[in-house]
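Undergrad: need a structure here:
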Amino acid sequence: MRILIILTLILGINSCKAQSISENELIGKWILVAETDSFPDDIEPLTENDSDSESESDSKAELKATLTFNKDKTIFINQMGNEYNATYKLTDSTLTLGNRIYIIVRLDIEKLIYKVKDHLFDKNYEYKKAE
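TA: Numbering: from 1, shown residues only. Below you'll find the predicted structure:
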């Protein structure tokens, strides 16, 4: 019985430590580098201006977004000059930004990829760590 209690405590402490490591990797400024859809390669998503070649360059301009995660569980969001402050919460692979819920696909010291939870077509957002 004592062994079971000791193992439970050790595993509990390790899981708390693992969670804080992920949060430590999240702290800092992240720059959006890509947005990708989950469409198969042979299916083209419909757009309003398919014939416009400028629409591709405009979509690159729309990628100017940054996320700044702080240790006090607040986040500063800058999307093309529109600035927002919110709170965030990281639980396992679920990231909550304000009232929106995302699933973390990948998180390490250089790259953050997440997708919107419970959408029909997944859109992945890929960020790189600013230095």
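
Undergrad: What mean pLDDT does the helix or strand where residue 84 lies get?
TA: Secondary structure assignment for residue 84, by DSSP states H and E: strand 82-91. Taken as a whole, strand 82-91 has a mean pLDDT of 92.

Undergrad: Helices along this protein, start to end?
TA: 2-26, 54-61 (DSSP state H).

Undergrad: Lowest average pLDDT across the ones you listed?
TA: Minimum mean pLDDT among the helices of the chain: helix 54-61, a mean of 46.

Undergrad: who does the nearest residue to residue 89 once chain neighbours are set aside bridge with?
TA: The shortest distance from residue 89 to any non-neighbouring residue, by C-beta to C-beta, 6 or more residues apart in numbering, is to residue 96 (4.3 Å). The way it works is simple: take the backbone N, C-alpha and C, and place the C-beta from them, glycine included. For residue 96, the beta-bridge partners under DSSP bridges are residue 89, residue 101.

Undergrad: Hmm, residue 88 and residue 96 touching each other?
TA: Yes: assessed by C-beta atoms under 8 Å, residue 96 is found in contact with residue 88 at 6.4 Å.

Undergrad: The two: which is more packed in?
TA: Between residue 96 and residue 88, residue 88 has the larger neighbour count (other C-beta atoms under 10 Å), namely 18 against 15.

Undergrad: Quick check: the residue found closest to the more buried one once you drop the neighbours it is linked to in the chain vs residue 36, distance?
TA: In this structure, residue 88 finds its nearest non-sequential neighbour in residue 75, 4.6 Å apart by C-beta to C-beta, 6+ apart. Distance from residue 75 to residue 36, counting by C-beta to C-beta, to the nearest Å: 22 Å.

Undergrad: So the two - more neighbours on which side?
TA: residue 75 (18 against 12).
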